[in-house]
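**Q** Got a sequence here, can you build the structure:
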Amino acid sequence: MVHSQRQPAVRRSQFRPRKSLGQHFLRDRSVLEHILRAAEIHPTDTVIEVGPGPGILTEALAEQGARVIAVELDSRLVAPLKRRLAPYPEARIVEADILKVSPGQLLADHLPSSDLPAAYKVVANLPYYITSPVLSHFLEAQDRPELMVVMVQREVGETMVAAPGRMRLLSVKTQFYSRPAIVCHVPAASFHPVPKVDSVVLRLDVYTEPPVDVSDVAGFFEVVMHGFSAPRKQIRNALAHSLQMTTDEVSMLLKKAGVDGRRRAETLSLEEWRAVWEAFVPCLCHERPDEDPRDSSVAALPQNEGSGE
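**A** Residues are numbered from 1 along each chain as shown. Below is the predicted model:
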């Protein structure tokens, strides 16, 4: 349990949050209780934390006995973090850009080879502007976490858990790799400085295998991206325009998939997207080798003001 008698870390920090890094430091310790309960931290756990800031969450994780690898981009915070975490030998502070190091390499570089975990968790108060890239970084990794508990912008969190009827590209991507659920809502006043939007704590139980049987993940998401290329249009029109096909051709393929072409992309379930992908396989045009297939899904995320502990 978090020791409530301690002063909020942000008050002890000598550093002014950097707007360029989307830094908003958490000052409401009750939120930590929700995060820790959702993460189900045990002394044998290995946890990667993204953007520890002044270390309020890092310390709480270390107090639970977890082995923590906290990755911080802001060089000003590294030395203070190391001093704060000095009483916890299982906590490691790493100065790096999380998007430039794979999870597997991060674990291998900072844990003894004889002590590498079979599974790990990710706990993070994510800057809003890198939410989608960070999620992709872990969910698409060869070494995926078993669980992620992240703080994200409320609108983004609600999109990630949305049911058919309110789905977006981000919803499909998140639910392809994990089972997301909102743990709690976090008002903007819980941070310093106060952001313009509220947040949510989100728990993602990561699948070992996707819930739909897809042999070509890149092709599957290519079809989904085409479908969401004009989300306000009927899906037959969006696909026809994006794939440069006639409406009749698209309607025929959608009928084969069992999907009414008059529907919008937001109404389709993962299983229906699988059927659409299967029908449209001959029409696919995969990314060139020098392109990152994650780029287009990242672009679907609203780039709003940042958060970050």
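**Q** show me where the chain has helices.
**A** For the chain, the helices defined by DSSP state H occupy 9-12, 29-39, 56-63, 75-84, 103-110, 131-139, 154-160, 169-177, 217-227, 235-243, 247-257, 270-280, 295-298.
**Q** So which elements touch the third one?
**A** Spelled out, that is helix 56-63. Applying 3 or more C-beta pairs under 8 Å, 6 or more residues apart in numbering; DSSP states H and E, we find helix 56-63 packed against helix 9-12, strand 25-26, helix 29-39, strand 46-50, strand 67-72, helix 75-84, strand 91-95, strand 121-125. Heads up, the C-betas are built off the backbone N, CA and C, glycines and all.
**Q** go again using 7 Å as the cut-off
**A** Applying 3 or more C-beta pairs under 7 Å, 6 or more residues apart in numbering; DSSP states H and E, we find helix 56-63 packed against helix 29-39, strand 46-50, strand 67-72, strand 121-125.
**Q** ok and it relative to strand 91-95, angle-wise?
**A** Computed with axes from the mean of the first three to the mean of the last three C-alpha atoms, to 10 degrees, the direction of helix 56-63 lies at 150 degrees from that of strand 91-95.
**Q** so how far is helix 56-63 from its chain's centroid?
**A** Centroid separation for helix 56-63 versus its chain: 20 Å, with C-alpha atoms, centre = their mean, to the nearest Å.
**Q** cool, and the fourth one?
**A** Remark: helix 75-84 is offset 25 Å from the chain centroid, using C-alpha atoms, centre = their mean.
**Q** same thing with the second one?
**A** Helix 29-39 sits 18 Å away from the centroid of its parent chain (C-alpha atoms, centre = their mean).
**Q** still on that earlier bit, tell me which of the helices of the chain is the most buried.
**A** Counting by mean count of other C-beta atoms under 10 Å, helix 56-63 has the highest mean neighbour count of the helices of the chain, with a mean of 24.
**Q** follow-up on the earlier one: could the helices and strands packed on helix 56-63 be laid out in a markdown table, adding distance to S242 and mean pLDDT?
**A** Below are the helices and strands packed on helix 56-63 laid out as a markdown table (distance: least, C-beta to C-beta, whole Å; pLDDT from 0 to 100):
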| stretch | distance to S242 | mean pLDDT |
| --- | --- | --- |
| helix 29-39 | 38 | 90 |
| strand 46-50 | 33 | 96 |
| strand 67-72 | 37 | 96 |
| strand 121-125 | 33 | 94 |
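**Q** Reformat the ones you listed as CSV; add distance to S171.
**A** Converted to CSV, these look like this (distance: least, C-beta to C-beta, whole Å):
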stretch, distance to S171
helix 29-39, 20
strand 46-50, 22
strand 67-72, 27
strand 121-125, 20
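**Q** circling back to that earlier point, would you mind giving the helices of the chain as a markdown table with distance to P145 added?
**A** Shown next, in a markdown table, are these (distance: least, C-beta to C-beta, whole Å):
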| stretch | distance to P145 |
| --- | --- |
| helix 9-12 | 25 |
| helix 29-39 | 11 |
| helix 56-63 | 14 |
| helix 75-84 | 22 |
| helix 103-110 | 7 |
| helix 131-139 | 6 |
| helix 154-160 | 16 |
| helix 169-177 | 10 |
| helix 217-227 | 18 |
| helix 235-243 | 33 |
| helix 247-257 | 33 |
| helix 270-280 | 21 |
| helix 295-298 | 19 |
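**Q** so which of those helices comes closest to A188?
**A** Evaluated with C-beta to C-beta, those place helix 154-160 nearest to A188, the distance being 9.3 Å.
**Q** which other helices and strands contact that closest one?
**A** Helix 154-160 packs on helix 169-177, strand 178-186, strand 199-206, going by 3+ C-beta pairs under 7 Å, 6+ apart.
**Q** In JSON lines, list the ones you listed along with distance to E95 and mean pLDDT.
**A** Shown next, in JSON lines, are the helices and strands packed on helix 154-160 (distance: least, C-beta to C-beta, whole Å; pLDDT from 0 to 100):
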{"stretch": "helix 169-177", "distance to E95": "28", "mean pLDDT": "97"}
{"stretch": "strand 178-186", "distance to E95": "27", "mean pLDDT": "96"}
{"stretch": "strand 199-206", "distance to E95": "25", "mean pLDDT": "96"}
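**Q** now these in JSON lines, with distance to I130?
**A** Shown next, in JSON lines, are the helices and strands packed on helix 154-160 (distance: least, C-beta to C-beta, whole Å):
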{"stretch": "helix 169-177", "distance to I130": "14"}
{"stretch": "strand 178-186", "distance to I130": "18"}
{"stretch": "strand 199-206", "distance to I130": "14"}
